[in-house]
Structures are given as structure tokens and as C-alpha cells.
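# Dropping the sequence and predicted coords here.
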Amino acid sequence: MATKQGMCRNCGSLIIFDERDPECECIFCHCRFPSAEAEAILADPNGHSFANEKFEATNNSKTYFPTSPDIVEGAVKRDKVSEANKAEVKYDSNSFEVSPNDVKAPKKLVIGLSLGLVFVILVVIGIALPLKLNRDKLTDSLKADMANVFNGIVEVDSSKDSEGFSKGYYIYGQTCQNVKVVVNQDIDKDTAKKMFDKYTDLRAGKLESKADKTSDVKMEVYSPSGIYLIEGKKEPEFVKDQPTVTAAETAQSEAK
């Protein structure tokens, strides 16, 4: 259905009517008259005088109300306008980048984490430092009396190399429970066991705890013919065909 517009010849109101209807009716005063006349009055309202008479609505009144613009056509127009506006707007790419200043932790959280980290560091130092000092103290004390371990049994070079390690032996471990000894002569199991016993006695005398002085001690004796391994209360074990190395060389190798 196509609609047309005209003007009421009675009150001058706008009239919407079907182009197929020969007559139209005003929705305000209900004046009925030819549709062509309504179009002519709308085209030239100044040439017409309006009577403004009152009319009563009849049962067969036929009126038309203005309809909304076509939905699809309006949507297309709005889309074109939107696209045009987007083309005119220029975005700064850097405006979408997040900088360190945009992400800031609360001040209390930063302070709390910092204090927590300092506390952890202090705890680690508080535990590790005394252990290191006690180990170094025990090691120095044993080295001062190591000659008593070898006297009357074997000859061991107690001089130090350029790195500060004793050439004939090397003591290591938190409680100095590991020892490597280098001798320049062939020895038997009894000789190796004597050195082990004398070392464990010396170590036990310097430790505060005297419980089971040999259980965790391990001694390796390097001789021209091979290596003796003595651990705790076990019988010395002889490993043959091992190259002879100095305790200092062994210590340097482990340090690397």
C-alpha cells in the first residue's frame, strides 16, 4: 500500500491516505472530502480558506496514521554514517600499550614483600653462616693435628700447593667426615685401618658429640698400587688398578 499526504479543507490538519481511496478523512475533525482536493490544498494552502466546522465521526470512518520510515533503509543510512565517522577518527596505537606505570602494586604489598624477602635472607644467613664457621673451625683444628694421624705409620706430604690445599691429604664435609690421603708407598689393609682409627679418634676428640665416632666417616687412601676405601666399621676395601693422584688434585677436581 502506498500512502499520500494532503491537507484537510476544514481544519488544515495533515492527512495521510491511501492513494487508491477516492476520498480521505481528517483524523481530527472527521471531515470527508475527495483525496485529490486534499493534495491540491497541501500544494497551495494559501489559496484556500478553512471553515473549521465541527464534524462527528461515523462508523465507516477510514483514517490512516503516519508510519515509521523503512527499517532497512534507515539501518543502511546509519551504517554509512558510522563508517564515515570511523574513517575520520585516528587512534594512537601507543594508547593501547600497557606501561609499567599503568600496573602498580599497592605500596603496602611492595613493603610487605620486601620485608618478607629480607626476613628469608636473614634466616638463611642465620642458619648457613654458623654452619660454615663451625665447619671451618673444625677443619682448621684437625689440620693442625693431622701429623699425629700419620706419624709412625706412613709418610704424607703436609705441604700446601699454590691453591692452599695440602698436597698429601684433603678434608671435607660439614663435620669433616670425608678424608682423602695420598701416600708414596705401598700399604696393606692394616696400615689403612690404623690411619682411619687415628683420624676418627682425633675427630671425635674435637666434636662435641661423641656418639658413634666412626659411623659417618669415609677415608680414601691413594697408594702407588691402588686405593683403599674405609667406611665406618666395615673392613677396608682395596680397589686395584687405580691411578695414583694427589689429594690436592682431587680437591681441585671436585671444586670445579
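Done, it's in.
# CA atoms for contacts and neighbours, from now on please.
OK.
# Can you verify residue 184 is assigned to a strand?
No: applying DSSP: H, G, I helix; E, B strand; the rest coil, one finds residue 184 to be coil, outside a strand.
# what sits against it?
Residue 184 is in contact with 155, 156, 223, 224, counting by C-alpha atoms under 8 Å, 6 or more residues apart in numbering.
# Can you convert these into JSON lines and add a column each for pLDDT and secondary structure?
Converted to JSON lines, the contacts of residue 184 look like this (pLDDT from 0 to 100; DSSP: H, G, I helix; E, B strand; the rest coil):
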{"residue": "155", "pLDDT": "84", "secondary structure": "coil"}
{"residue": "156", "pLDDT": "87", "secondary structure": "coil"}
{"residue": "223", "pLDDT": "86", "secondary structure": "strand"}
{"residue": "224", "pLDDT": "85", "secondary structure": "coil"}
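# Out of the residues you listed, which end up buried?
156, 223, 224 (16 or more other C-alpha atoms under 10 Å).
# Verify the stated contact: the last one with residue 186.
Yes: the pair residue 224 / residue 186 is scored as a contact, 6.0 Å apart, by C-alpha atoms under 8 Å.
# Go ahead and confirm residue 155 touches residue 186.
No: look at residue 155 against residue 186 with C-alpha under 8 Å: they stay out of range, at 11.1 Å.
# list the helices and strands the lengthiest helix in the chain packs on?
Taking DSSP state H as the assignment, the helix of the chain that covers the most residues is helix 107-144. For helix 107-144, the contact count by 3 or more C-alpha pairs under 8 Å, 6 or more residues apart in numbering; DSSP states H and E identifies helix 189-206 as packing neighbours.
# and the helix it packs on, average pLDDT?
The predicted model gives helix 189-206 an average pLDDT of 87.
# can you state the direction angle for that helix and helix 107-144?
Orientation of helix 189-206 against helix 107-144 (axes from the mean of the first three to the mean of the last three C-alpha atoms, to 10 degrees) gives an angle of 130 degrees.
# mind listing what's buried in helix 189-206?
Judged by neighbour count (16+ other C-alpha under 10 Å), helix 189-206 contains these buried residues: 192, 193, 195, 196, 197, 199, 200, 202, 203, 204.
# Before I go, just wanted to say thanks for your time.
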